[in-house]
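Undergrad: Curious how this folds, go ahead:
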Amino acid sequence: MNTREPERNVRDGTIKGHIEEGAAFLALAKSHERTPESAPLPSPSRITDNAFAFQRTAALRAAVGLDIFTAIGEGHDTPATLAERCGAAERGIRILCDYLSAIELLSRKEGRYIATADAAAYLDRRSPAFIGDALRFVASETALKAVLGDPVAVVRNGGTILDETEHFGAPDQADWSTYARLVAPMMARSAALLADLVAGGDALVKRILDIAAGPGQNGIALARRLPDAHVRAVDWPSVLEIAAENALIAGLDERWRALSGSALEMEFGGPYDVAIVARFLHLLAPQDRESLLRRVHAALAPGGRIVVLQTLLDEDRASPPFAVAMNFNILATTPSGEVATTGEFEALIHRTGFGRLGWHDIPDSDERIAIAWK
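TA: Numbering: from 1, shown residues only. From the prediction side, this is the model:
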């Protein structure tokens, strides 16, 4: 048994060794002491709120996975009835729902939980606007590993530290089929707007190239408005299987064809009247973006149009907030991707041979639609 008295710091009397940090603690406490001439320290709440932000993602995943919002919409609105309906412990349900109330996705009245209007619209499976399953892509195991696994290494590396099969630029990467299957409901409104913009003009459109087609919603929406138009959709095989199902459901199986493979390597054929490039350019290195758009330009008929749906940064690169956050996500999930500024995008369009360029905003969205003519 060690009976030796702990050694004390000569300067401040704190115990050395295991509790040597006591000096730092006392210094921090002293810094918080108010004196007539000292300014108060700012609140650390913004730092702590950001440090714990991952809990919001976790709570959303739990709530959607347990169908909390659907159950509340059905009338199961107390911890006990929710626990029975969702097959979970009452304690877990209570703590989760209290947190969902704190982040304003639920409210509570007389011991009963009520979904807020946005949560009821988008997170109740009975709603036609339900998008909850998109979390399986947005917060997939791979995405969380990329962003939270070792962010210091990501920044030092200047790109993802995921391996060649995991990162979001990898051939037929598994998360993209999840994206195509589950994120499509979030895209319906923008696909309809894109189709209205393109089909509403006087130009004849018979051949459509849909690059990085995903679930195919953009090409399908446009072809449904143009009864003589045919679509060629480019993406990885596993993704195009899902797009083909959607084309069949839309009654377009005779006018829709898949081109499986890398959009950066394949021959597109042509000539096309319209080429759609949606939510793709930010995944690419700058030189690959330019190469792709030059090849798209070559595949278009004279007077053809490229239609780009994309989130872009303002020139200060610090706004809009969603685009800035997305750029950090792209840093972690791709080797060389980056969200461009509006000015960079416009320069790219003109540098790759396109002329007139028009912009169209999507209501309540940071995404924009650009249409440029060959």
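
Undergrad: Tell me which residues touch the most centrally placed residue in the chain, please.
TA: Centroid-nearest residue in the chain: Val138, 5.6 Å away (criterion: C-alpha atoms, centre = their mean). Val138 is in contact with Val183, counting by C-beta atoms under 8 Å, 6 or more residues apart in numbering. Yep, even glycine has a C-beta here, placed from its N, CA and C like the rest.

Undergrad: same question, Leu293
TA: Leu293 makes contact with 277, 306, 348-349, 352, 354, according to C-beta under 8 Å, 6+ apart.

Undergrad: Looking at the residues you listed, which one is closest to Arg224?
TA: Minimum separation from Arg224 among the contacts of Leu293 (C-beta to C-beta) is found for Val277, which lies at 19.7 Å.

Undergrad: Mind listing the residues bridging to the closest one?
TA: Ile211, Val308 (DSSP bridges).

Undergrad: ok, which stretches of the chain are strands?
TA: With DSSP state E as the definition, the chain shows strands at residue ranges 106-109, 112-115, 207-211, 230-235, 256-260, 272-278, 300-311, 357-361, 367-373.

Undergrad: right, and these - which one's nearest Ala184?
TA: Counting by C-beta to C-beta, Ala184 lies closest to strand 272-278 out of the strands of the chain; the figure is 12.0 Å.

Undergrad: related to what we said a few turns ago, JSON lines please, covering the contacts of Leu293 and showing neighbour count and distance to Gly270.
TA: Shown next, in JSON lines, are the contacts of Leu293 (neighbours: other C-beta atoms under 10 Å; distance: C-beta to C-beta, whole Å):
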{"residue": "Val277", "neighbour count": "24", "distance to Gly270": "15"}
{"residue": "Ile306", "neighbour count": "26", "distance to Gly270": "12"}
{"residue": "Leu348", "neighbour count": "17", "distance to Gly270": "21"}
{"residue": "Ile349", "neighbour count": "19", "distance to Gly270": "19"}
{"residue": "Thr352", "neighbour count": "19", "distance to Gly270": "16"}
{"residue": "Phe354", "neighbour count": "23", "distance to Gly270": "15"}
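
Undergrad: can you count the residues close to the spatially closest residue to Glu90 that is not a sequence neighbour?
TA: Leaving aside its sequence neighbours, Glu90 sits nearest to Ala83 (C-beta to C-beta, 6 or more residues apart in numbering; 4.0 Å). Close neighbours of Ala83, defined as other C-beta atoms under 10 Å, add up to 19.

Undergrad: Kindly provide the distance from Ala83 to Ser101.
TA: Distance, Ala83 to Ser101, by C-beta to C-beta, to the nearest Å: 16 Å.

Undergrad: would JSON lines of the contacts of Leu293 with distance to Phe268 and pLDDT be doable?
TA: Formatted as JSON lines, these follow (distance: C-beta to C-beta, whole Å; pLDDT from 0 to 100):
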{"residue": "Val277", "distance to Phe268": "11", "pLDDT": "99"}
{"residue": "Ile306", "distance to Phe268": "12", "pLDDT": "99"}
{"residue": "Leu348", "distance to Phe268": "18", "pLDDT": "98"}
{"residue": "Ile349", "distance to Phe268": "18", "pLDDT": "98"}
{"residue": "Thr352", "distance to Phe268": "14", "pLDDT": "98"}
{"residue": "Phe354", "distance to Phe268": "16", "pLDDT": "98"}
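
Undergrad: For those, give me TSV that also has distance to Thr165.
TA: Conversion of these to TSV gives the following (distance: C-beta to C-beta, whole Å):
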residue	distance to Thr165
Val277	25
Ile306	31
Leu348	29
Ile349	33
Thr352	31
Phe354	35
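
Undergrad: Just the closest of these to Ala318, please.
TA: The closest of those, once distances to Ala318 are taken by C-beta to C-beta, is Leu348, at 21.0 Å.

Undergrad: Might you report the residue contacts of Phe168?
TA: Listed by C-beta under 8 Å, 6+ apart, the contact set of Phe168 reads 142, 146, 160, 175-176, 283, 333-334, 337.

Undergrad: let's see 6 Å
TA: 333-334 (C-beta atoms under 6 Å, 6 or more residues apart in numbering).

Undergrad: and it, what pLDDT?
TA: In this prediction, Phe168 carries a pLDDT score of 95.

Undergrad: how near is it to Thr352?
TA: Relative to Thr352, and taking C-beta to C-beta, Phe168 is found at 24 Å.

Undergrad: same question, Ala188
TA: Distance of Ala188 to Thr352, given as C-beta to C-beta: 30 Å.
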